[in-house]
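**Q** no letters, just coordinates:
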Ligand SMILES: Nc1ncnc2c1ncn2[C@@H]1O[C@H](COP(=O)(O)OP(=O)(O)OP(=O)(O)O)[C@@H](O)[C@H]1O
């Protein structure tokens, strides 16, 4: 399986604090690679370094073989990097359909030509309808974002990110704040997503991690202390040690 994301020796410091300390890991095509670790381990910092919101102090990032370490956010997006943004980035007064349609228009923007504007618009809205019909939001296309539940907003956030057709999707706690039923719906959506995009999944919900991950890397104090399959990570003494006091989370 080829490597879609390769990180080598990535470092980020804040003053005297080393938030990510020579992090190296790989995400392969078609896999969900979970990144877990205690609070303050550096997971969000790493995601922000990868998407270009934080400039790294050292190390390299390659996406599908191309070095993207020094690129700006839009250039990384153009090369196939996607991420779910905070729910607040959804357009509250617009419908589910309009939010997905807008994302597709952004993706297609550079292809617009005056002459085929009308037919392009039709294609865009058809794609938006199809993406929604295939998701857990199939009955919510005409609903304003403001009237959606928290779980539905998280699903829409994922749909909007997918409308950009990323090759690699960075997910920062997609299960946060979801109830059991909503979590199951999100797990279903992420399983479907695996068919089109590899994912680096930062998540505290271990049930979801174990249900979804092909491989897991464990970050503690900014360092990767272990990388492996679900079983390897569950049975790794150093990982259990890092989670001491919350051991049943790993059972
Ligand atoms: N902008 C910043 N300025 C200063 N320190 C920061 C900044 N961002 C993060 N940190 C520090 O870097 C360390 C790693 O934080 P980070 O948010 O990446 O951890 P995390 O693993 O995502 O934690 P959590 O699971 O609680 O979200 C923490 O000690 C945090 O306080």
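**A** Arrived safely. Since the structure is predicted, the reported quantities are computational estimates derived from the model, not experimental observations.
**Q** and the lengthiest helix in the chain, average pLDDT?
**A** Selection of the longest helix in the chain by residue count, based on DSSP state H, yields helix 117-133. Helix 117-133 carries an average pLDDT of 85.
**Q** swap in stretch 23-30?
**A** The pLDDT scores in stretch 23-30 average 96.
**Q** sorry, back to before: and the longest helix of the chain, what does it pack onto?
**A** On a contact count with 3 or more CB pairs under 8 Å, 6 or more residues apart in numbering; DSSP states H and E, helix 117-133 meets helix 96-108, helix 150-163. In short, each C-beta sits where N, CA and C put it, glycine included.
**Q** what about the strands in the stretch 1-150 of the chain?
**A** Taking DSSP state E, counting those that start in this stretch, the strands of the stretch 1-150 of the chain run over residues 3-14, 17-28, 32-36, 58-63, 66-67, 81-83.
**Q** got those strands as TSV, with mean neighbour count and distance to the ligand columns?
**A** TSV is the format used below for the strands of the stretch 1-150 of the chain (neighbours: other CB atoms under 10 Å; distance: least, CB to the nearest ligand atom, whole Å):
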stretch	mean neighbour count	distance to the ligand
strand 3-14	18	3
strand 17-28	19	4
strand 32-36	25	9
strand 58-63	18	15
strand 66-67	11	23
strand 81-83	24	14
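**Q** the spatially closest residue to residue 144 that is not a sequence neighbour: neighbouring residues, count only.
**A** The spatially closest residue to residue 144, leaving aside those adjacent along the chain, is residue 95, at 5.7 Å (CB to CB, 6 or more residues apart in numbering). For residue 95, the count of nearby residues is 18 (other CB atoms under 10 Å).
**Q** kindly report the same for residue 29.
**A** Residues contacting residue 29 under the criterion other CB under 10 Å number 14.
**Q** look up phi and psi at it.
**A** Taking degrees, to the nearest 10, you get phi -50, psi 140 for the backbone angles of residue 29.
**Q** begin at 17 from now on, thanks
**A** Got it, the first residue is 17 from now on, which makes the last one we talked about residue 45.
**Q** got the contact list for it?
**A** Applying CB atoms under 8 Å, 6 or more residues apart in numbering to residue 45 gives the contacts 17-20, 214.
**Q** indicate which one of the strands of the stretch 17-166 of the chain is closest to residue 195.
**A** strand 48-52 (21.0 Å; CB to CB).
**Q** tell me the strands beside that closest one, with direction?
**A** Applying DSSP bridges to the sheet, strand 48-52 is found paired with strand 214-218 (parallel), strand 231-236 (parallel).
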